[in-house]
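Asks: 3D, please:
(one chain, ligands or ions: 2)
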Amino acid sequence: MNALTAIQPQLSLSDWLADLAVEALIDEADLSPKPGLVDRRGSGAHTDLHLGLMHASALALWPSFKAMAEAARQGGEIDVYLREAVGRIGREGEEEMLRVTGGVNTHRGAIWALGLLSAAAALDTSALAPAQVALRAARLALLSDRAAPVPGDSHGAQVCRLYGVHGAREEAQLGFPAVIQQALPQLARSRAAGAGEQNARLDALLAIMTQLADTCVLYRAGMAGLTHMQSGARAVLAAGGCASLDGRRCLRDLERDMLHLRASPGGAADLLAATLFLDRLQHGLPAQLGSL
Ligand SMILES: CC(C)(COP(=O)(O)OP(=O)(O)OC[C@H]1O[C@@H](n2cnc3c(N)ncnc32)[C@H](O)[C@@H]1O)[C@@H](O)C(=O)NCCC(=O)NCCS
Ligand SMILES: Nc1ncnc2c1ncn2[C@@H]1O[C@H](COP(=O)(O)OP(=O)(O)OP(=O)(O)O)[C@@H](O)[C@H]1O
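Replies: Ligands and ions are numbered 1, 2, ... in the order given. Sure, this is the predicted structure:
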């Protein structure tokens, strides 16, 4: 034990998972330049969001992520009791988010995705590979929560009905394919090619944007906007990604178009945070927690 660990209070698994979830949200918000999204340069296509608000919201969610992980540790099973506990804690987290932000939706989709993943990670610390954690989260998301409000009037529900696409709920129920099949492999490829960490993360975001039916974009810019986002993201990656000059030019064009459409890929941003969370998790537990 060194001097630092000697004076630190004992870190629990739930504390650590909540730290990872909050850090993933802060890293996502800080990552720049993201097309249409809040980042270090500004508010993108949003008039009611800014970086300080994204940070305050992320920090305020720490107790919710911890509580979801603790509920999973205590329950120990993927069952309706855990699903309902996670749903209740998630709704309380949404209330806290709205209190801290003065009523602005900063992290609704992220509470859903990272909450499920935090609980799924806590359920079995011997199986922390991304696909294993995502599968447990999917099994949890597939259970119905009797206390959940009937999906009806949210922006996501409206455009899912209108266009017949899958939104945040189905993405989780399918085991986060955008994260497992697109973002994590792209993150690894870009890192291996020497892109640098920030560019590799931007490439991972773009990989999500190439395929996702992002209901934030659909709500604001319709199917034409979504198709434009997907093809623009593909163009950046085909040109060599964010570490290349041609890729950067395509990224600038995509950003110009997204701002013109007032479109912001908030769903893709949430899934990038989920990607960063699973990426850290797969490196294993810190030494202090190693015996769990
Ligand atoms: C499933 C959730 C996300 C609601 O989704 P819905 O599409 O109905 O709502 P809404 O448009 O308000 O929010 C969607 C959120 O998901 C993100 N998102 C958009 N598209 C996608 C996508 N294709 N994949 C993943 N996330 C997406 C957005 O950033 C947005 O924040 C969840 O918040 C929920 O079930 N809410 C009900 C209240 C509840 O029980 N909450 C606690 C759950 S832990
Ligand atoms: N860096 C980011 N910048 C902007 N949005 C983000 C960022 N990271 C995550 N998001 C997600 O995007 C969502 C915000 O999108 P949007 O503003 O379209 O939501 P809304 O409140 O449903 O719609 P609207 O503002 O059009 O009324 C948040 O719920 C959040 O999950």
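
Asks: For Val100, which non-adjacent residue is spatially closest?
Replies: Ala60 (4.4 Å; Cβ to Cβ, 6 or more residues apart in numbering). In this view, the C-beta of every residue, glycine as well, is placed from N, C-alpha and C.

Asks: Need the three-state assignment for Ala148.
Replies: Counting by DSSP: H, G, I helix; E, B strand; the rest coil, the backbone at Ala148 sits in coil.

Asks: need the contact list for it.
Replies: Gly87 (Cβ atoms under 8 Å, 6 or more residues apart in numbering).

Asks: ok, now Thr275?
Replies: Here Thr275 is in contact with 179, 183-184, 187, 204, 208 (Cβ under 8 Å, 6+ apart).

Asks: That one falls within a helix, correct?
Replies: Yes - secondary structure of Thr275 (three-state DSSP): part of a helix.

Asks: before we move on, back to that, any idea which of the contacts of Thr275 is closest to Gly87?
Replies: Of all the contacts of Thr275, Gly87 sits closest to Val179, with 21.1 Å by Cβ to Cβ.

Asks: returning to that earlier point: can you give me the neighbour number for the residue nearest to Val100?
Replies: Neighbour count for Ala60, taken as other Cβ atoms under 10 Å: 18.

Asks: wait, it sits on Leu98?
Replies: No - using Cβ atoms under 8 Å, Ala60 is not in contact with Leu98, being 10.0 Å away.

Asks: What values do phi and psi take at Phe65?
Replies: Note on Phe65: backbone dihedrals following degrees, to the nearest 10 are phi -60, psi -40.

Asks: So for it, what's the pLDDT?
Replies: Looking at Phe65, its pLDDT reads 98.

Asks: quick one: contacts for it?
Replies: 17-18, 21-22, 93, 114-115, 118.

Asks: what's the distance between the residue in the stretch 101-250 of the chain that ligand 1 sits nearest to and Glu92?
Replies: Residue nearest to ligand 1 within the stretch 101-250 of the chain (Cβ to the nearest ligand atom): Gly156, separated by 1.9 Å. Distance, Gly156 to Glu92, by Cβ to Cβ, to the nearest Å: 20 Å.

Asks: ok, now Trp112?
Replies: 13 Å.

Asks: The two: who's more crowded?
Replies: Trp112 (22 against 14).

Asks: which ones are touching the more buried one?
Replies: 90, 168-169, 172, 270.

Asks: ok so, going back, show me which pair in the contacts of Phe65 is furthest apart.
Replies: Leu17 and Gly93 (14.2 Å).

Asks: What is the burial count for the closest residue to Ala200 other than its chain neighbours?
Replies: Nearest residue to Ala200, sequence neighbours excluded (Cβ to Cβ, 6+ apart): Ser190, at 3.7 Å. Ser190: 24 surrounding residues under other Cβ under 10 Å.

Asks: ok, now Met54?
Replies: 26.
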